[in-house]
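sequence unavailable; structure follows:
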């Protein structure tokens, strides 16, 4: 059962087409988006850094020069995640001590979006250190899910997803190391894409006080309300073109993974996934639920968590005082390479892998980090941390994963991961 969209505002593709047809100016599109943010954002608190004056000036320049270079996002107003540098504005990562970390230049992604004609209205909220599936911090406060203000919009790109889902902007750019694009897309009922590892520059998306060295596992990618918008945003930000291939659902080969040794998903959510699998089969696709070529998912998840914790801590000791050695790190990299090869074999048999995004739809707000707390799944109060296994299934081997909205669970949006081979980008 599909959940009704919260907005009828046009997508980025539609806005760009209206401007190209002369039905809309870049400035009018920008003013309209600013008006929506001012009218809607109060109870949501998504767009926490505002760049309105500079955005108006940029839109005016676009109208004066015209789209001479065929820019695909010409005049499209959008936002980016707070962790991306935007000249003259803070990049705090939700940290009190970084309130005055003012960017002196734009992040590489922001530069590329501007070159494609986008107008950057501001930046959206995050959790501290980008380390939670909520978006609540001491600098900007809490972002609420526009579908239910008492629930999380996800994190760490939670403000991004809330801004897009509510119609304030048509599209956004976030980052993902532990589901930070995919979970907000799932919780807010929009599209999100975690690209293949290392195909989009993370320059200018660095922890405050560091020099933007790319951390292990981390990627950045788009959020939007349509697949067409995701494709455009990906194209204009890639470091280099990706191999593309068309896969029809009819005759397509799909592997559905609904449960791992560490985690499953709620029964109602699983019913939605099964319904979509049935639709694929009805359309002539082949859906399997077992594959002997899969890596040991439990062992891979354990290695993913170790690498994730080292990367997020910058190599500092764990709370218990233990610290990974260089040998430990190289062992994790060896395991990662082996797991990546095993997934390559899986994609020799299947075009796509289908999976949940988390165990449930959006959860009620929690005071602390959700991974240190419990969450209700089918009436049981269970640890929330194992849900990271659904993020890690694609993150550890560096696979691309698109989340698309598939329906609703208990009146809340539900999405599904569509995971592909890391060697290219498939259209389906």
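Good, I have the coordinates. Predicted model only: the values in this text are computed from it and were never measured.

and the residue nearest the centre of this structure?
Closest residue to the average C-alpha location of the chain: residue 181 at 1.4 Å, with CA atoms, centre = their mean.

close enough to count as contact, that residue and residue 191?
No - if you go by CB atoms under 8 Å, residue 181 and residue 191 don't touch, sitting 9.9 Å apart. For the C-beta atoms, the positions are set from N, CA and C on the backbone; glycine is no exception.

what do these two both touch?
Counting by CB atoms under 8 Å, 6 or more residues apart in numbering, the common neighbours of residue 181 and residue 191 are 223, 403.

my guess is residue 173 meets residue 82, correct?
No - Residue 173 is beyond contact range of residue 82, at 11.3 Å (criterion: CB under 8 Å).

contacts for the helix ranked longest in the chain?
Counting residues, the longest helix found in the chain (DSSP state H) is helix 326-349. For helix 326-349, contacts defined as CB under 8 Å, 6+ apart pick out 253, 255, 291, 293-295, 299-300, 303, 306-307, 310, 353, 396-399, 420-423.

out of these, which are buried?
255, 294-295, 300, 303, 306-307, 310, 353, 396-399, 420-422 (16 or more other CB atoms under 10 Å).

tell me which of these fall in strands.
255, 353 (DSSP state E).

tell me which two in the buried ones among the contacts of helix 326-349 are the farthest apart.
Within these, 255 and 310 form the most distant pair, 29.9 Å apart (CB to CB).

excluding chain neighbours, give the residue nearest to residue 11 in space.
Using CB to CB, 6 or more residues apart in numbering and skipping residues adjacent in sequence, the residue nearest residue 11 is residue 226, 4.6 Å away.

quick one: the one you found from residue 180, how far?
Here residue 226 is placed at a distance of 21 Å from residue 180 (CB to CB, to the nearest Å).

flag every buried residue along the helix or strand hosting residue 40.
Residue 40 belongs to helix 26-44 when assigned by DSSP states H and E. By neighbour count on 16+ other CB under 10 Å, the buried set for helix 26-44 is 26, 27, 29, 30, 31, 33, 34, 36, 37, 40, 41, 44.

okay, the third one and residue 23: tell me how far apart.
Spelled out, it's residue 29. In terms of CB to CB, residue 29 sits 10 Å off from residue 23.

now swap in the fourth one and tell me
Separation of residue 30 from residue 23 (CB to CB) stands at 15 Å.

residue 287 - that's part of a helix, no?
No - with DSSP: H, G, I helix; E, B strand; the rest coil as the criterion, residue 287 is assigned strand and is not in a helix.

does it touch residue 252 like I think?
No - the pair residue 287 and residue 252 does not pass the contact test of CB under 8 Å, sitting 9.1 Å apart.

any common contacting residues for those two?
Residues touching both residue 287 and residue 252 (CB under 8 Å, 6+ apart) are residue 280.

what strand or helix carries residue 63?
helix 52-65.

average pLDDT for that helix?
The average pLDDT for helix 52-65 rounds to 98.

after it, which helix or strand is next?
Next helix or strand after helix 52-65 toward the C-terminus (DSSP H and E): strand 77-81.

quick check: residue 182 touching residue 176?
Yes - using CB under 8 Å, residue 182 is in contact with residue 176, at 6.4 Å.

who's more crowded, these two?
residue 182 (32 against 27; other CB atoms under 10 Å).

what's around the closest residue to residue 116 other than its chain neighbours, how many residues?
Residue nearest to residue 116 in three dimensions, not counting chain neighbours: residue 236, with 3.9 Å by CB to CB, 6+ apart. Number of residues near residue 236 (other CB under 10 Å) recorded here: 19.

gap between residue 236 and residue 16?
For residue 236, the distance to residue 16 - CB to CB - is 11 Å.

common neighbours of these two, please.
By CB under 8 Å, 6+ apart, residue 236 and residue 16 have these common neighbours: 72, 73.

wait, residue 202 sits on residue 211?
No - assessed by CB under 8 Å, residue 202 is found out of contact with residue 211, at 11.4 Å.

who touches the closest residue to residue 215 other than its chain neighbours in this structure?
Leaving out its chain neighbours, the residue that sits closest to residue 215 by CB to CB, 6+ apart is residue 311, at 4.7 Å. Contacts for residue 311 were tallied using CB under 8 Å, 6+ apart; they are 177, 215, 216, 217, 218.

please apply the same query to residue 255.
Residue 255 makes contact with 287, 288, 289, 291, 346, 349, 350, 352, 353, 354, according to CB under 8 Å, 6+ apart.

which one is residue 3 nearest to, not counting chain neighbours?
Using CB to CB, 6+ apart and skipping the chain neighbours, the partner closest in space to residue 3 is residue 408 (3.7 Å).
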